[in-house]
Each structure stands twice: as C-alpha cells, then as structure tokens.
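Participant: Model the following, please.
(chains A and B, ligands or ions: 1)
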Amino acid sequence: MSDVLDRPDIGHNADDHLKVVGTRPIRPDGADKVTGRAAYGADFNMPGQLVGKVLRSPHAHARIVSIDAKKARALPGVKAVITGADFPNLADEFHEGGEAASNLRDMAMNVIARDKALYHGHAVAAVAAISSAIADEALALINVTYEVLPHVVEVEDAMAEGAPLLHPRMFTEGLEAKPDKPSNVAKRNRIARGDLDAGFAAADVIVEGRYTTKATHQGYIEPHATVASWAADGQCNVWSSSQGQFMVRTYCAKVLGKEISDIRVTPAEIGGGFGGKTVIYLEPLALALSRESGHPVKMIMSREEVFRATGPTSGAVMHVRLGAKKDGTLTAADVELKYQAGAFPGSPVGAGSMTALACYDIPAFRITGYDVVTNTPKVAAYRAPGAPISAFAVESAMDDLALKLGIDPIALREKNAVHNGTKAAYGPTFQNIGYVETLQAIRDTEHYRTPLGPNQGRGMAVGFWFNVGGESTAAVNINEDGTAVVVTGNPDIGGSRASMAMMAAETLGIAVDKVRPMVADTASIGFSMLTGGSRTTFATGMAVVQSAEKVIAELKRRAALIWDVNVDHVMWKDGSAWCLDPAKADEKPLSLEAIAGQSARTGGPITGQTSLNAQGAGPGFAVHLCDVEIDPETGHVTVLRYSAAQDVGKAIHPAYVEGQIQGGVAQGVGWALNEEYIFDRDGHMENAGFLDYRVPVASDLPMIDAILVEVANPRHPFGAKGVGEAPIVPPLAAVANAVRRATGVRMADLPLSPPKIRAVLDAKGG
Amino acid sequence: MSQLDYLAPVTPEEAVRALGAAGARPMAGGTDLLVQLRAGRTRPDVIVDLKRIAGAIGVRQEAGGFVIGAATSGAVLGEHEALVKAWPGVIEAANLIGSTQVQGRATLAGNLCNASPAADSVPAMIAARATCVVVGPGGRREVPVEAICTAPGKTSLSPGEFVLEIKLPPRPARASDAYLRLIPRTEMDIAVAGAAVNLVLDAQGVITEAHVGLGAVAPTALLVPEAGQALVGSKLDEAALARLDAAARAACRPISDKRGTAEYRTKIAGVLARRAAAIAYKRAGGAA
Ligand SMILES: Cc1cc2nc3c(=O)[nH]c(=O)nc-3n(C[C@H](O)[C@H](O)[C@H](O)COP(=O)(O)OP(=O)(O)OC[C@H]3O[C@@H](n4cnc5c(N)ncnc54)[C@H](O)[C@@H]3O)c2cc1C
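Facilitator: Model prediction:
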C-alpha cells in the first residue's frame, strides 16, 4: 500500500504553528547513553550461555581442502564446532535491504566460507565453549588444510588479464556482448546522455585526472555482538546490535533455511553503524552453534575482527574528463569508476555512478562503473555508499576547472547547477530541491570571505545523496494517564527516537516529554526496513504522524460519544477536543488526558498503527567549505575551519541534524587525510586497529559549522528530507581542494597523509 | 589450561625473588603489558606488580637531581612543579603518552622497558642523560637509559632484574630541554619520529652542552653525540641548526612501514631536532 492512499485528509499546521518540531529537547535515549546504562549488543546475557568464537582464514585466497575438528570437539568444555557444511547451500537471490541489494547466496558464503576462503579473516569455522579461554584453545585445535591460491587486492590488478579469479564462473554483466571468459569484473554499468564527442569538441578547455581512494571502514565504536538461542522446538531468539532487527530476521531465516516466524530478533542499543550494520555476520553462526549445543551462545567480535572481516567501503580508481566553455558552462563529462567490491560482487559503484554528476546539468556525459571482486573483505554500505568516492574525483576535477578558468568555484557550480525541473543525470526530474539555496548559504558565510594566511588553502565541494523512503510501521499507543508511547521498528542510530517523539507530540498537540519512543522487537511491531538510506525520519516519521492522526480521529470519536454529538462537530486543537455543536456550546474542551482517563468506558484503549511504503523522499544536497594549513616541513595538514551547508527539508530536531552533518564531515575528513586499509604482500591488513587505522580524534577537528537550509519536502508531513548521508559526500574533495590551493599541487590519491604531502612538496622544490 | 598469578611485593628484595620465578614479568602501570596480554601477544605466568614497593610511586629530590620511582605515573610527574621546571622536555614527553586515562597509569620505566623504538619519553630521558637504578639477584647497578633497550621489545636486563628508579641529574642555571614528535593525528597516536634536545647555555647564550635523542628512527632510541656537538659553541644560529639537522638525519637508520617511509622519517627527525632545539634554547633563556 502506498503512503498516499493511506493518508487521511486532515490538513496540517503551517510551519509557524509548530510548537515541538524545530525545537531542541533533550534526547530520550540521552541519559542512558551518558550514564552507561544503555544496553548495547555485548551487554545482554542469558543463563547458561556459551562463548562463541570464529576461526578465520589466515590466507587471502585459498581452497579449503579439509577441516578436521576432532580434537577441538574432544576438548572438555567445548559444546559445538560448526563449519560451512552445517549450513544449507543457497541459490542466487537478491534482497533489497534499504541501502543496497544483497545476494543472499553471497551473504551466506560471507558468513562462513564453503569451498574457498576469499580473504584473510574470512570465517572458516566456529566453536562454542564454556569459557573464552577454552574457545580459543578449541580454535587452535581445528586443523584446516588449505591449498593457498594467488590473490589480488588492488582493483586494477583484479581487472587485469590473467588476474587470479575469485569466482571462476563469474562473467561480466552489462557488456554489449556476453563475454566468453570469466572475470573479476562482476558488472559494468553505464549512464549516458547526449553526444559526448560533440560535447568535448565544443569545449574551450578540458581538464582530466586519475583519482584513487583506499578502502576505509565505517569505524563504528561498537563491535558486532550477538546472543542467540535456538530452543528445542526450533524457535529462535536473537539479540543483536544492528541497523535493522527485521533485516537480521530475514537474513538469518534465509541463511539457516528457517521460516521467518521461527525467529524473533530484539534490537540492542546500537553503538554506531554508518551502513556497516546493514548485513549480518555473527547471528547465523551463533544460532547454528546454539542449535548444535542446546545452549544460548554469545559472540562478540574483537576490533581486529571488525577490521578484517566486516565491510569497509571500496577502494577505487577513477578517471574524470570535463569539457567546458570559457564562461564555465560544462559541455561534456566522461567519468570512469572502478570500485573494489571485496570478496563478492556488490560494490557501491552503481550509486557512485548515479550520484557522480547529480549536481550538474550537462548536455553530454557518460559514466561507466565497474564492480570488481578482490581478495578483501566484502564491502558493506558506508554512509551514502559510493557517493563520496566518485564525488572526490568529480569535485577535484571541477576545482581544477575553476582554477584553469579563473572562476570562483561556487560560481562555477551555480553556472552548471541542477534546478527544479532539471532531468537528473541518473534519470528522474528534480522537484523541490534546495541546491542553489545551499550554494548561496555557503557564499553568504563570513567564512567564505575571511582572508587566509600563509600555507593555508580553502577548498569547496558539493555532494548529492538520493535519500530513500520504503516500508515502515509505527504505532502510537495512548496510556490511561494521557501520555503516549511511540513504537517503531527502526534502531535509533542518529537521534530518531527524539524525532519520532517530537513528530507524535506535535501532531497530538501534547508536550514532547509526554511521549516515550521505543524501538520494538520483530514480534512487537509490524515490518520495517532497516535504518539506512537516511529514511527513518522521513518514512517511519510519516508512519508515526499517520498513526497519531488515527489516534486523533479516535479521540474525536470518543469525545463525540462523551458529549453525545456528531463527530463532525468535534475539532482537535492544542491537545484537546473542542465541541463545535452549537447546541452544546457550554461543553468545555476535553483534554487528551481526560479522554484517555475515560477510555475504558468509551470503547477501550486508544491506539493507532500505520504501515506504509513511503515514496517521494527528497534528495539532499550538501555544499562544504574547508580551510587547511599545511606544515611544509612535515606535510601535516591541519583542518582550520569547516562550514557545511545542507538542504535538510525541515529539521525536526535541529541539533541532531547538525550532529549528523558534523559526524559526516568528521568521517569524511578522516577518509581524506589518514584513514586507509593497508595490505601487506600476503593480502593481510596491516593496520587492523585504531592505533594505525587513524580515524580523527576530537582534537583533529575544528568546530564544524552546520548550516541548515530548509526547502521543504511536500511529501513529508513536516517537510523533512533525509539528512544522514549527504554530509559525508563532499569532504574528501573539499579537503583535497583546500590542500591543492595551499600547496599549488593537485593530489589525487587519498589519503593525504603527511609523508605523501611532504614528498609532493619536495618534488615541487618547495 | 594456562594460569596467571599476580604478586604485589612491598620491598625491592621481595620483588627480585618474585621475578626469579619462570615466566615472571614486572608490571608498572600495565598500559603496555595488559594490552599485550589481552591481545595474546605475551603470555606471562606471573605478573609482579611494582606499585606496592615502598617508594616506587613518587619523586625525590636528591643531591640536586631527581629520583623517580619506577611506578610513578605521568600524571604524578606532570604535577611535580620543581621537576617540570627543571626538565620540561622529559615531562612533556611523558605527558604525551596516551590520554588522560592512560596518564593515570603509564610510567617512564614501563615506557623504557617495553622497548618500543617509538616510545616517547625515551629520547627525552636519553638527552637528559638520565640513568636507571637496576636491581636484581646480582645486586644493584646504575646504567644510562640508553643502555637498557637493545632491540625492539628487547632489553639488557637479565632475568630477575628490574628498574627500581630513574634518576635525572642536577640542573645548572640556563639549562632546559624539549621533546617533539610527529604523529599524523594530534593525540592518541604513535610517533613516526621523535626528537629531544637538552641544552645548557652560558651567560651570553652560547650553548656549552647539548644532547640530542631521537626516537622511531632506529631499532632503539638513539643518543646522537654528533648532533649535540653541532650546537655546542653556537647561539643556535641558522648554520648550527642546519648542522644539527644534517647530523640528526645522518644518525637515522629507520625502517619503512605503514607508519612512514624511511626517507620521510629521516627528514622529519631533522625537522623535529631543529624545532626542539629552538624550544629548549628559548626555555633555557636564550634569545630567540
Ligand atoms: C591508549 C594508549 C595510548 C598510548 N600512547 C602512547 C604514546 O603516545 N607514546 C608512548 O610512548 N606510548 C604510548 N602507549 C604505550 C604505554 O602507555 C607506554 O609505553 C607506557 O609508558 C608504559 O608504561 P607502563 O607503566 O604502563 O608499562 P607496563 O605496561 O607496566 O610495562 C611495559 C613493559 O615494561 C616492563 N616493565 C615495566 N616496568 C618495569 C620495570 N620497572 N623494570 C623492568 N621492566 C619493567 C613490563 O614487563 C612490560 O614489558 C600507549 C598505550 C595505550 C594503551
């Protein structure tokens, strides 16, 4: 059912009447989080639970010849040992998860290897034992015979003729002619429009570059953790930290060959996901170990396991060629993107391609994307998957174009900007977008006009993200004292509990502290797609508002009963029912509390529930401005100042929208400056810990000024657009462009770590 | 199943006895040892905690110098005013270690005996000409700090021996020191290179004594006498700084690894030595 059909027509408050939406109340989950009481994945325990651990491949690519677990099974205290043979073999089946489609067969083989280990750290076996020490000993007793195979890590190496093949039966999809040889290129996609040659022929200037980025990890602080229980009657319970309890349920059912009704998943508080918790790793292993042992099994990844075996995002090699007139008008763009997918197909190159030119109105363009498997962990969604990578290349080239033409970089973007009515490079026609307003917001900052000092540079870049809607369920239950509970199926990774409570309070006309939001398990609320794609405040928020509207309709009916008037003569305003029947002019308004107190006598509990498939999410545009200072002797980059403007539709809770923007920038700056997967010659990650995988610490960043531009999305009751992903799109290029302007040298290979910058400065003779 | 015992002796003699057991390891703050234990990189049978030994935590002023107990944390050092005044470089190096939480535990002795080539306080202690009082089954000896580490993760201490205290020498007037490290971030990181400079000036601001210690550019932290010599007799003019830079670079024997190339580390060692010298010179009262 679409959200439109489902929507009762009761009209909405105009912006200036808003009492709750747009304010900054304390988040409902705040006290638990700052006092340490919040229960994350690893905080849950069951009586009699065992410790589960994973044996991981020591090789980047190897055939698993045999696994001998006799000794491990015989060790006292070991209750179960499982391998790939304990799981059903699945057929290819694609499942749309919210961020990206997953092939369930690949997911199952990523959870535990079958005949081949495809990356260093790939799960090969798992044990359950009565203690962590015994589980470790058991792992050491499992004897796996490997036939080590040549491996490949870098994307272009994997595409090369004669590269070791990960999947010998994989043929490139998307080519004009079906290839006759297998390849590591899973797919080639192409988006094109207009006459490219004519476009470049019409250009006065052409800029061109090759750009590379390294694999980076989402870097959530909470490692994956789960407790799973498979009862004697086959009923399963899973407690885990993820971005979607329903996603965990679906995937576990598929990977284990169970019916969905046999599995109940309870979401833990989540300590960061950023897209990385939109897939499963431990849950099916813990369930299988529980099935074999008859005990609940708890599994927690170490940080090292998180790095080695859970999704980073792709490293990439890209080419960009732009043609423009002297006045800056773009005439043609040719973009080629090669993304590492890791061990199984499914890099975010599709989204990287679709977003690459989404901010630009160009008569002729061609975007070609390659999805390439490599002997590295299978990539997982990471905040605006694919978009920061392609934006790094395109926005770097745009900056070179601005420099070459001597045009202000904002003016260059404005000249080529998409507007309402522009057909986006990726297909649809834009409506209700706030892109030029966002460019203007940055131009208007004091930051943009502030002079720079020596060794300093200022970079700007823009970014785009679609944002999605999708399936959500929400319930609003009125308590007998007039307070309310809002129940959703979406884990709160970005302050969504606060925004759900606020939207319900605004709609009902009551104070926000009278509304308690909660995230329910899969048996307690209807299906909801996972928290991802910046969809929750938009789609689940829509379901919350519609549920509250149903509650209001019911409250009006109850008031009509109490007053004995026609319901058409009842109005809901400011949290009370008002009697409009001229014959009953003396009736005082009935508050929500008063109606709730009498609900038993007027027909029972008052609740409203809505399930919908929200359409019409408004896309997000972000414009960032970054100042850096280079230490010319050490190559160290300091980010001095950062302003990030974004079209957010309507900020339900502005502080948490600002927090999303600041968080996206922080991650993007880390990606630009220091974060990278470093592999040794054997394909082992060398820096699988936070010491040498350098996410920024607080002192690495200035205060990030978040500027909220509000161009309402008419499809959402309050005008909201998704906000969580767009802010990570521009920073890679914004930082690189600032470094370019500080040093005079274009650096096209991320990260811009101090040794690289010093080397460039030395080569320049500086 | 392996077993781990914990002992907390209260005298140096008891500690020496406890350390005589097979698989015994001393522990000061534990910020290296416990991390390595949890990561499975070390498997001691007995942990001998040094913190209960009388005098192990604290700073004494003795014969014009300072005696620092082996279990004294960075936080305690940073709050000792006289020590900070006399040896600002050693203390800033010690206080760079980790975070506020780590500072509550991490010690100079642990930083030294962990024998990481990148340990922050070690170049500063070397430049300060600090010594260690080592006790063991053979009695007590005093050795310069640079004699402790022999290779990454290896020390010259014999079985049963441990560092009881670290001594910083008396300070003349117009003397000071400084330590700088390069890390890609601003904190919570490991030095790509580090340099410490300890200077003594005469009344005219001429450098009469100079010692330079370098970290993360060789298998152990280095004392670089040529680099010190490059400064003696100068008022830290450009030529002296250039000689220092060259001498520091000449002493480097770094590896290339994920934290930096050998070439980069070498260049940075020169840069940091120059900058640290400038800070030490100013602190010692030399005109900049
Ligand atoms: C989060 C974090 C950040 C860190 N940051 C830094 C940093 O920035 N710079 C840096 O240099 N280090 C850093 N470290 C490493 C560590 O904190 C330091 O090396 C610290 O000084 C070690 O001191 P400790 O007292 O904790 O040593 P311990 O862990 O107690 O001991 C270290 C080693 O020395 C041995 N040992 C200890 N005391 C003695 C003794 N008296 N005699 C003989 N042997 C002894 C132990 O057996 C062990 O092998 C960091 C560690 C962590 C966890």
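
Participant: Quick one, grab the pLDDT at the residue in the stretch 501-650 of chain A positioned nearest to the ligand.
Facilitator: Nearest to the ligand, among the residues of the stretch 501-650 of chain A, is residue A:636, at 16.2 Å (CB to the nearest ligand atom). Quick note: C-beta positions are derived from backbone N, CA and C, even for glycine. If you check residue A:636, the pLDDT there is 97.

Participant: ok, now residue B:63?
Facilitator: 92.

Participant: Correct me if wrong: residue A:621 contacts residue A:463.
Facilitator: Yes - the pair residue A:621 and residue A:463 passes the contact test of CB atoms under 8 Å, sitting 7.3 Å apart.

Participant: between these two, what contacts are shared?
Facilitator: A:359, A:726 (CB atoms under 8 Å, 6 or more residues apart in numbering or on different chains).

Participant: buried set for stretch A:754-766?
Facilitator: Judged by neighbour count using 16 or more other CB atoms under 10 Å in any protein chain shown, the buried positions of stretch A:754-766 are A:754, A:755, A:756, A:757, A:758, A:759, A:760, A:761.

Participant: what pLDDT, on average, does that stretch get?
Facilitator: 89.

Participant: Over to stretch A:298-315?
Facilitator: 97.

Participant: Does that stretch reach the ligand?
Facilitator: No - using CB under 6 Å from any ligand atom, stretch A:298-315 never reaches the ligand; the gap is at least 12.5 Å.

Participant: per-residue pLDDT, residue 98?
Facilitator: Because you didn't say which chain, this covers chain A. At residue A:98, the predicted lDDT confidence score is 58.

Participant: hmm, I had chain B in mind actually
Facilitator: We note a pLDDT of 93 for residue B:98 in this prediction.

Participant: What is the burial count for it?
Facilitator: Neighbours of residue B:98 under the rule other CB atoms under 10 Å in any protein chain shown: 18.

Participant: Likewise for residue B:51?
Facilitator: Residue B:51 has 18 nearby residues by other CB under 10 Å.

Participant: Which parts of chain B are helices?
Facilitator: With DSSP state H as the criterion, chain B has helices at B:12-19, B:33-38, B:74-78, B:81-86, B:88-96, B:100-103, B:108-113, B:121-127, B:225-229, B:238-251, B:262-283.

Participant: Output the set of residues of chain B in proximity to the ligand.
Facilitator: Chain B comes close to the ligand at residues B:25-33, B:35, B:50, B:70, B:96-98, B:102, B:105-107, B:109-111, B:113-114, B:119-120, B:157, B:162-163, as judged by CB under 6 Å from any ligand atom.

Participant: again, only using 5 Å
Facilitator: Contact residues (CB under 5 Å from any ligand atom) of chain B with the ligand: B:25-33, B:70, B:97-98, B:102, B:106-107, B:109-111, B:113-114, B:119-120, B:162-163.

Participant: so how many other residues sit close to the closest residue to chain B within the stretch 251-400 of chain A?
Facilitator: For the stretch 251-400 of chain A and chain B, the shortest gap (CB to the nearest CB) falls at residue A:304, measuring 8.2 Å. A count of nearby residues for residue A:304, using other CB under 10 Å, gives 15.

Participant: How about the residue in the stretch 101-250 of chain B that chain A sits nearest to, nearest residue that isn't a chain neighbour?
Facilitator: Ranking the residues of the stretch 101-250 of chain B by distance to chain A (CB to the nearest CB) places residue B:186 first, at 4.3 Å. Taking CB to CB, 6 or more residues apart in numbering or on different chains, and ignoring the residues beside it in sequence, residue B:186 has residue A:699 as its nearest neighbour in space, at 4.3 Å.

Participant: Repeat that for residue A:513.
Facilitator: Using CB to CB, 6+ apart, the closest residue to residue A:513 is residue A:25 (7.3 Å).

Participant: coming back round to it: model confidence for the residue nearest to residue B:186, exactly?
Facilitator: As predicted, residue A:699 sits at a pLDDT of 95.

Participant: For the one helix or strand residue A:627 maps to, what does the pLDDT average out to?
Facilitator: Per DSSP states H and E: residue A:627 is located in strand A:620-630. Averaged over strand A:620-630, pLDDT sits at 98.

Participant: how about residue B:124, what does it touch?
Facilitator: Neighbouring residues of residue B:124 by CB under 8 Å, 6+ apart: B:89, B:90, B:92, B:93, B:94, B:177, B:179, B:196, B:213.
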